[in-house]
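Visitor: output the structure for:
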Amino acid sequence: MDNTILVATASQGILRSADDGATWHRIGLRQAIEFDGVVRSLDTQPGNPCTLLAGTNVGLCRSTDIGSTWSLVGSPFDGHSVWKVAVDPADPNRIFVGTGAPSRANLWRTTDGGLRWTRADVDIPEFCAGVNRPRLLALAYNPKDRRKAWFGLEAGGLFRTSDGGDHWERVDDRLLWDFHTDIHAIHVLPDDEQTVVVVCVNAIYTSRDGGETWQGMLPKKDFGLYYARAITTPPGSKDTLFLSLSDGTPGTTSTIVVSRDGARTWQPTHIDVTPDSCIWAIRVNDGNPSQLVAGTKYGTLYLSHDGGAHWARQWRSFPEIADVLWLPYAAAVQPAHRSEVA
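Guide: All right, here's what the predicted structure looks like:
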């Protein structure tokens with residue numbers, strides 16, 4: 001099956017493979033994303049398989065050819081560091097973007113594909129404990145009610161909207177333990193219980209009523225690793241989630257656990273070579289849920305071909321990995337540079 005794997009890094013832009021990881025190439029020169037640029041976040045545009053969005057150190061960038069070429073999406077946050085970009089799965093023109101360190105953390109929204117942008121009227125601190133300047137890491141849409149959405153900051157709190165993003169309510173004071181303002185990831189399951197899963201630095205919180213009440217799990221107690229980072233789920237799944245845990249950041253070890261009952265219980269998966277740093281990003285191939293990709297802080301890449309039960313370390317290392325994608329479409333991938341010797 002045709003596919004493309006993309007790895008976003010903090011010092012070499014985006015690397016891609018169209019042969020299941022056998023060869024890798026960076027994007028070319030003279031593009032909006034520098035050859036050695038910082039890319040923190042990747043997302044796809046629903047209904048248009050060739051179009052991707054990237055959160056970078058120069059703002060928001062778009063590709064219409066599966067990542068071969070990139071252009072800057074003009075916005076009020078041009079030149080700012082974008083830490084998270086999330087396209088509404090039901091509306092490709094509705095996009096939320098989160099900025100952060102070293103830029104000021106803000107939430108931006110467009111409903112026309114990036115022609116016009118509005119900044120959320122939310123009180124986000126300029127500085128915070130732990131990471132100095134906040135960064136907006138987490139964005140999630142409610143798949144059953146597009147008026148509802150969530151965002152969270154590292155560190156700066158958890159927020160929800162019920163009117164499409166016109167107004168936001170801060171709700172992290174309902175969470176159970178310390179460090180509940182330090183949000184790494186959010187996911188909303190498409191079930192009838194309004195299940196919201198929030199990954200904090202040291203805890204996993206689950207609400208079955210849209211965020212009114214919460215239960216929690218401490219990964220240190222259950223798995224011996226306190227630091228929770230990334231979460232993903234197969235498209236449309238009502239009960240399966242994958243979660244990365246580590247002993248810190250960048251950490252010295254990491255693992256991936258899976259829940260197949262909507263975050264009620266978690267079980268370990270098998271990784272053939274134990275990571276030597278925190279697993280920073282996990283994604284499922286939207287066209288093939290048996291294929292998953294994960295990347296670590298120190299640049300190790302893992303692939304799974306059996307739905308996340310087993311993970312195999314790949315042959316090459318990368319710079320610091322910030323995000324990953326596995327797409328069910330083949331890109332034209334070739335070396336960015338060619339040299340000729342007479």
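
Visitor: OK, contacts around residue 228?
Guide: Each residue near residue 228 by Cβ atoms under 8 Å, 6 or more residues apart in numbering is listed here: 184, 199-204, 219, 243-245. C-beta here means a position set from N, CA and C on the backbone, and glycine is covered the same way.

Visitor: pick the one among these closest to residue 148.
Guide: residue 199 (18.6 Å; Cβ to Cβ).

Visitor: okay, the nearest residue to that closest one once chain neighbours are set aside: pLDDT?
Guide: Nearest non-adjacent residue to residue 199, counting by Cβ to Cβ, 6 or more residues apart in numbering: residue 185, 4.0 Å away. pLDDT for residue 185: 98.

Visitor: which SSE is residue 185 in?
Guide: Using DSSP states H and E, the element containing residue 185 is strand 183-188.

Visitor: other SSEs contacting that strand?
Guide: If you count contacts as 3 or more Cβ pairs under 8 Å, 6 or more residues apart in numbering; DSSP states H and E, strand 183-188 packs onto strand 135-141, strand 149-154, strand 157-161, strand 196-200, strand 227-232.

Visitor: averaged pLDDT, stretch 129-138. What do you get?
Guide: On average, stretch 129-138 scores 90.

Visitor: contacts for that stretch?
Guide: In this structure, residues lying in contact with stretch 129-138 by Cβ under 8 Å, 6+ apart are 81, 83-84, 98-107, 124-128, 150-156, 182-186, 198-199, 201.

Visitor: re the thing from before, go through the helices and strands packed on strand 183-188 and name the closest to residue 254.
Guide: Short answer: strand 227-232, nearest of the helices and strands packed on strand 183-188 by Cβ to Cβ, at 8.1 Å.

Visitor: after the closest one, which helix or strand is next?
Guide: Assigned by DSSP H and E, the successor of strand 227-232 is strand 241-246.

Visitor: could you tell me the angle between that next one and strand 183-188?
Guide: Between strand 241-246 and strand 183-188, the angle comes out at 170 degrees (axes from the mean of the first three to the mean of the last three Cα atoms, to 10 degrees).

Visitor: which element follows strand 241-246 toward the C-terminus?
Guide: Next along the chain after strand 241-246, taking DSSP H and E as the criterion, comes strand 254-259.

Visitor: could I have that following strand exported to PDB, CA atoms only?
Guide: Only the C-alpha atoms of strand 254-259 are listed here, as PDB (Å, rounded to 0.1, in the frame of the first residue of the first chain):
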ATOM      1  CA  SER A 254      10.100   5.300  28.000                       C
ATOM      2  CA  THR A 255       7.300   3.000  27.100                       C
ATOM      3  CA  ILE A 256       3.900   2.900  25.300                       C
ATOM      4  CA  VAL A 257       0.800   1.600  27.000                       C
ATOM      5  CA  VAL A 258      -2.600   1.000  25.400                       C
ATOM      6  CA  SER A 259      -6.200   1.200  26.600                       C
END
